[in-house]
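S.K.: Turn this into a structure:
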Amino acid sequence: MSADKSTSWSYAEDLPAEDEVLLHARERSFELGVTPIGPGVGAVLTVLAAASKAQTAVEIGTGAGVSGVCILRGLGPQAVLTTIDVDVEHLKAAREAFQEAGSPANRTRTISGRAGDVLPRLTDGAYDLVFIDADKPNYPSYVEQAVRLLKSGGLLIVNDALDKDRVANPAARDATTVVLRQIGKSIRDDDRLASAMLPTGDGLLIAVKK
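M.R.: Residues are numbered from 1 along each chain as shown. I've put the predicted structure just below:
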């Protein structure tokens, strides 16, 4: 990346202004040892949720609620976010963030459990948006479940898809990078999806179900 490109990327990442709700959620993330999405990714999530006019959304990997707040801010007033995390402390922190954001309790559904166990219980073709930001080794199964859950025209968003620039480096062969590289190619080649890779954050892979 040229110096100008790097400067532009940093500028774009830092451009969104975050309020006290998101700053508090970030503080809780760090206290819990969770790495939250950056401001740039948060802004993109809000825009994509708004543009998709999603009424039903699923988040795989709740963290402390930073990404959930960003998604909720893009969703309509009647839309519902279902968020899944194996750690009950993460879900507790996320509920605090949602409450501070002024989101009514009936707009969020927090589910404690392993995503691999929870996702198969969700209804086929019932969701407008799925955001994946969880344990990378299980991304392939999460993506397949997400495609099943999405309606036609539904939006899939995969976070950390460039793995801190390692995916683009063919010499990087660690297990996580290999999985993410395979995910990018499999989504690109999936006839059910139209996709694009955004360099926002550590890479956002987005796809629309045809």
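
S.K.: number of nearby residues for D87?
M.R.: Neighbour count for D87, taken as other CB atoms under 10 Å: 15. C-betas here are computed from N, CA, C, even on glycine.

S.K.: Please apply the same query to Q182.
M.R.: Here the count is done by other CB under 10 Å, and Q182 has 13 residues near it.

S.K.: just G154 next, same as before
M.R.: G154 has 24 nearby residues by other CB under 10 Å.

S.K.: which SSE is it in?
M.R.: G154 is part of strand 150-159 when elements are defined by DSSP states H and E.

S.K.: mind listing what that strand pairs with, with the direction of each?
M.R.: Partners of strand 150-159 in the sheet, by DSSP bridges, are strand 127-132 (parallel), strand 204-209 (antiparallel).

S.K.: Show me where this protein has its helices.
M.R.: Secondary structure of the chain (DSSP state H): helices at 3-14, 20-32, 39-52, 66-74, 88-100, 115-118, 139-149, 175-189.

S.K.: Quick check on G33: phi, psi?
M.R.: As for G33, its main-chain torsions (degrees, to the nearest 10) stand at phi 80, psi 30.

S.K.: Which residues belonging to the strand holding G154 are considered buried?
M.R.: L150, K151, G154, L155, L156, I157, V158, N159 (16 or more other CB atoms under 10 Å).

S.K.: next one: stretch 20-39
M.R.: Buried residues in stretch 20-39, counted by 16+ other CB under 10 Å: V21, L22, H24, A25, R26, R28, S29, V34, P36, I37, G38, P39.

S.K.: residues contacting the most centrally placed residue in the chain?
M.R.: Per CA atoms, centre = their mean, the C-alpha nearest to the average position across the chain is that of F131, at 3.6 Å. F131 sits next to L45, A57, V58, E59, I60, S67, I71, I157, N159 when contact means CB atoms under 8 Å, 6 or more residues apart in numbering.
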